[in-house]
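Novice: predicted coordinates and the sequence they were generated for:
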Amino acid sequence: MQSLLWGSVLSALSTGVGALPILFFRQVTHRWRDILLAFTAGIMMAAATFSLMPQALAGADMMVLCLGVVTGTLVLTVLELIVPHIDLEHSRMNIRVDEKSLLILAAITLHNLPEGLSVGVSYSSQDQQLGGLIAFAIGLQNAPEGFLVALFLINQQVSRWKAFLLATLTGSVEIVAALIGYSLTSLVEGLVPYGLSFAAGAMLFIVYKELIPESHGDGHERAATFSFIIGLLVMVGLIQWFG
């Protein structure tokens with residue numbers, strides 16, 4: 001339980017770490033933003049396919065894996081349909097600070113729930129290293145998200161410190177979600193393969209629906225592609241090293 005708390009807290013606080021630069025400057029080039037997003041996409045892709053899915057298969061069968069992955073993908077799809085999604089970097093809408101900014105913060109917070117569940121379920125696995133690896137992967141994904149959230153709030157005339165704190169708070173929901181995921185799978189041991197498969201599906205959805213398209217939207221596809229491959233290899237290396 002102690003390792004779960006540390007992993008979930010560090011993963012969640014990565015959102016705040018990513019938002020830290022907003023206290024010193026307000027802009028980041030599209031190129032570096034795309035490279036960072038693609039790198040985290042590679043990290044998450046490797047975590048889902050080389051850690052979560054093999055662990056799920058080790059504890060169940062292909063039917064369970066397919067059911068969990070499809071369920072995770074469908075849940076994220078439904079969340080995206082019912083929660084408003086606005087491109088934080090490219091939006092040209094005249095959004096007021098009060099109502100709609102809070103709505104966007106709520107949407108981002110909801111999107112963080114499956115990530116927290118992924119961390120909690122991973123710590124329930126028999127693989128002692130899996131939880132830390134998934135927390136690391138989610139943390140890397142949270143960092144650029146925290147920066148973009150804080151940047152969006154500053155563009156809506158929110159003070160830098162308030163933008164930093166609000167961006168950090170959007171990631172804190174992952175701690176609660178991780179505890180819920182861990183508790184459920186700990187109480188019912190047979191849920192672990194389903195949970196791992198669900199987490200894999202949710203992560204793959206984020207990679208293919210959010211991170212890869214975002215990293216290829218500003219004309220830096222080649223740099224983003226190489227960054228994705230490097231991120232994937234880095235995570236495979238970590239899995240091999242700790243596994």
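Specialist: Sure thing, it's come through. Numbering: from 1, shown residues only.
Novice: need the contact list for I43.
Specialist: Each residue near I43 by Cβ atoms under 8 Å, 6 or more residues apart in numbering is listed here: 136-137, 140-141, 231-232, 234-235. Quick note: C-beta positions are derived from backbone N, CA and C, even for glycine.
Novice: reformat those residues as TSV; add secondary structure, neighbour count and distance to S14.
Specialist: Shown next, in TSV, are these (DSSP: H, G, I helix; E, B strand; the rest coil; neighbours: other Cβ atoms under 10 Å; distance: Cβ to Cβ, whole Å):
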residue	secondary structure	neighbour count	distance to S14
F136	helix	20	9
A137	helix	30	10
L140	helix	23	7
Q141	helix	27	8
G231	helix	25	15
L232	helix	21	19
V234	helix	15	16
M235	helix	26	15
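Novice: name the nearest of the residues you listed relative to L5.
Specialist: If you rank these by distance to L5 using Cβ to Cβ, F136 comes first, at 15.4 Å.
Novice: correct me, but the closest one touches L238?
Specialist: Yes - checked against Cβ atoms under 8 Å, the pair F136 and L238 is within contact range at 7.3 Å.
Novice: so where's the protein uncertain?
Specialist: 1, 25-28, 83-111, 126, 128, 141, 152, 155-156, 189, 242-243 (pLDDT under 70).
Novice: remind me, longest helix of it?
Specialist: Of all the segments of type helix in the chain, defined by DSSP state H, the longest one is helix 160-187.
Novice: okay, now R31: neighbour count?
Specialist: The local packing of R31 (other Cβ atoms under 10 Å) involves 13 other residues.
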